[in-house]
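Student: sequence plus predicted model, see below.
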Amino acid sequence: MARESFDKEVQFLRMLALTSGAYNRQQFAQRLGISVHTFDKTLRRLKEIVSSVHRQLPEEQGREFAETLRFQYYESAEPLLLFLFRAKSLKESESGRLSLLLASLKDRSCTALELLDVCSSEIPSYMAMPDEKTIRSDLKYLEEVGVIRRLPGARPYRYRLHNEFVEDLSSDELTDLYDFVDIMANTSVPSLQGYLLRDNLKKTLMQPGETELAEVFLYKYHYYSRILDEAHFHSLLHAIRRRRKVSFLYFSPKNEQSYGSANSNPLFEKESAGRQETVTPLQIVYDHQYGRWYLIGHHSRQKLIKFRMEGLTRVQEEEEVPEEVWQSRFAHWEDKSRFSWLVDTGNPVTVRARFFNPEGARTNFVRERVLLQGQWGQITEEEEHSFIYEITVNGITEIKPWLRSFGSSCEVLEPSGLRREIIAEWKEIWGYYEPVRENL
């Protein structure tokens with residue numbers, strides 16, 4: 001995973017995908033909270049990443065990627081924007097050095113000093129030469145992410161590439177594993193590490209001279225944020241497991257800016273549009289309805305607090321929280337969210353809705369969907385043409401889109417306030433389809 005934060009690139013790509021080129025340079029930079037110069041610099045950087053990741057593309061198509069950064073989404077099985085996580089989260093010097101270390105550890109075990117000698121002889125003279133402390137830091141990082149392993153024994157420690165699992169499998173077994181990882185990465189969350197594993201398996205399966213591997217399955221992504229927000233997922237999960245607080249600069253979805261540059265020159269310091277927060281992370285929740293991630297945390301003043309992960313920037317771990325304190329805060333969240341359809345902690349309300357069975361269909365797909373997605377709700381009454389579903393939830397805001405998605409197959413019965421809201425919304429939609437002239 002990345003050693004450096006790339007919050008700016010994540011927000012840049014999210015806006016690029018959502019606005020589809022509707023903003024000019026000035027508008028784009030203003031929305032991100034950066035200067036036009038920084039916008040141009042970031043765009044050049046992303047073009048370099050696209051060029052390096054899509055070298056397998058034909059020259060004409062590759063030039064189109066590099067020039068416009070517009071993605072032929074429906075012509076590719078690759079999930080949009082994943083290249084940012086694969087590619088240049090490392091500095092150029094670090095990328096070259098780590099590649100050299102991994103190549104040296106592939107066929108033999110080495111100590112830190114032996115790897116330092118390799119770097120001294122292999123790294124070009126125009127690049128900065130690492131010292132022993134840098135090499136040991138690189139080895140620690142590679143060991144933490146599972147790329148290498150430290151061999152048992154006394155000092156000096158020896159390291160080896162951690163690829164025995166792949167080497168022990170036959171070609172057919174590797175193909176089956178690749179297909180399994182391909183399916184799971186495209187149908188499960190989180191998925192980023194699955195895509196990275198799939199890429200490594202693809203490289204292992206490719207024979208010398210081959211430029212691509214035939215794809216058996218094709219998938220399409222619907223939510224760009226699903227992948228992008230995983231930039232913070234594993235660091236937040238790591239903080240939860242270690243019972244540590246986290247601090248971050250948060251930009252609300254209602255905010256006019258989605259990013260704020262951190263100026264190192266005090267002469268150009270400006271007040272950020274974001275909100276600095278320090279919380280105890282308790283849980284990460286994924287919303288399948290909209291493809292959103294939420295961070296649930298405990299705040300010293302507001303107690304339980306919820307954040308959309310797309311607004312998190314500059315995430316850093318802080319001091320440790322005692323286990324008993326963390327457990328009590330998590331128990332409080334579990335109690336408050338007992339009837340949460342997603343993350344709502346409002347007052348419980350009972351929702352009753354009538355669902356109509358599809359006429360002439362071989363299977364009752366409406367009933368099957370209600371049973372599959374209806375969480376702890378129950379079907380309380382059944383008739384020939386319909387059934388009544390009942391559930392107690394914290395507030396109506398989160399369950400309303402789900403009920404509305406059934407269209408004419410669902411009639412809200414209770415509460416009366418929700419029923420009136422649904423009626424008003426359908427009347428508004430009906431108004432959109434009224435003819436402009438009566439003789440149309």
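Tutor: Arrived safely, thanks for sending. Numbering: from 1, shown residues only.

Student: break this protein into its domains for me.
Tutor: 7-86, 166-224, 229-261+272-336, 348-432 (automatic domain parsing).

Student: out of those domains, nearest to residue 129?
Tutor: The closest of the domains of the chain to residue 129 is domain 7-86. By C-beta to C-beta, the value is 24.1 Å. Any C-beta I mention is one placed from the backbone N, CA and C, and that applies to glycine too.

Student: give me the contact list for stretch 232-249.
Tutor: 1, 190, 192-193, 260, 272, 274-284, 293, 295, 297, 309, 312-323, 326 (C-beta atoms under 8 Å, 6 or more residues apart in numbering).

Student: mind redoing it with 7 Å?
Tutor: With contact meaning C-beta atoms under 7 Å, 6 or more residues apart in numbering, stretch 232-249 is reached by 1, 190, 260, 272, 274, 276-281, 284, 293, 295, 309, 312-321, 323, 326.

Student: thinking again about what came up before, can I get the domains of the chain in CSV including distance to residue 135, mean pLDDT and mean neighbour count?
Tutor: CSV is the format used below for these (distance: least, C-beta to C-beta, whole Å; pLDDT from 0 to 100; neighbours: other C-beta atoms under 10 Å):
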stretch, distance to residue 135, mean pLDDT, mean neighbour count
domain 7-86, 24, 65, 15
domain 166-224, 23, 77, 14
domain 229-261+272-336, 24, 87, 17
domain 348-432, 50, 92, 14
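
Student: returning to what we had before: inside strands: which ones of the contacts of stretch 232-249?
Tutor: Those of the contacts of stretch 232-249 mapping onto strands are 276-281, 284, 293, 295, 312-320, per DSSP state E.

Student: turn the domains of the chain into a markdown table, columns for distance to residue 136.
Tutor: Compiled in a markdown table, the domains of the chain are given as follows (distance: least, C-beta to C-beta, whole Å):
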| stretch | distance to residue 136 |
| --- | --- |
| domain 7-86 | 26 |
| domain 166-224 | 25 |
| domain 229-261+272-336 | 21 |
| domain 348-432 | 49 |
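
Student: among the ones you listed, which comes closest to residue 117?
Tutor: domain 166-224 (26.2 Å).

Student: nearest residue to the residue nearest the centre of the chain other than its sequence neighbours?
Tutor: Nearest residue to the geometric centre of the chain (C-alpha atoms, centre = their mean): residue 230, 2.7 Å. Leaving aside its sequence neighbours, residue 230 sits nearest to residue 192 (C-beta to C-beta, 6 or more residues apart in numbering; 4.3 Å).

Student: from residue 163, how far out is that neighbour?
Tutor: 20 Å (C-beta to C-beta, to the nearest Å).

Student: mind listing the strands for this protein?
Tutor: Counting by DSSP E, the strands of the chain are 148-150, 159-161, 244-250, 275-287, 292-299, 303-308, 312-320, 348-356, 378-382, 386-394, 410-414.

Student: export the ones you listed to TSV and tack on distance to residue 234?
Tutor: Output for those, formatted as TSV (distance: least, C-beta to C-beta, whole Å):
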stretch	distance to residue 234
strand 148-150	19
strand 159-161	22
strand 244-250	13
strand 275-287	10
strand 292-299	12
strand 303-308	17
strand 312-320	11
strand 348-356	34
strand 378-382	37
strand 386-394	29
strand 410-414	38
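
Student: for residue 340, find the nearest of these.
Tutor: When those are ranked by proximity to residue 340 (C-beta to C-beta), strand 386-394 comes first, at 4.9 Å.

Student: name the strands paired with that closest one and say parallel or antiparallel.
Tutor: strand 348-356 (antiparallel), strand 378-382 (antiparallel) (DSSP bridges).

Student: how many neighbours does residue 228 have?
Tutor: Applying other C-beta atoms under 10 Å, we find 24 residues neighbouring residue 228.

Student: now do residue 135
Tutor: Quick note: residue 135 (other C-beta under 10 Å) scores 20 neighbours.

Student: pull the contacting residues for it.
Tutor: Counting by C-beta under 7 Å, 6+ apart, residue 135 touches 112, 115, 116, 119.

Student: and with 8 Å instead?
Tutor: Per C-beta under 8 Å, 6+ apart, neighbours of residue 135: 101, 112, 115, 116, 119.

Student: what separation do you get for it and residue 151?
Tutor: Distance from residue 135 to residue 151, counting by C-beta to C-beta: 17 Å.
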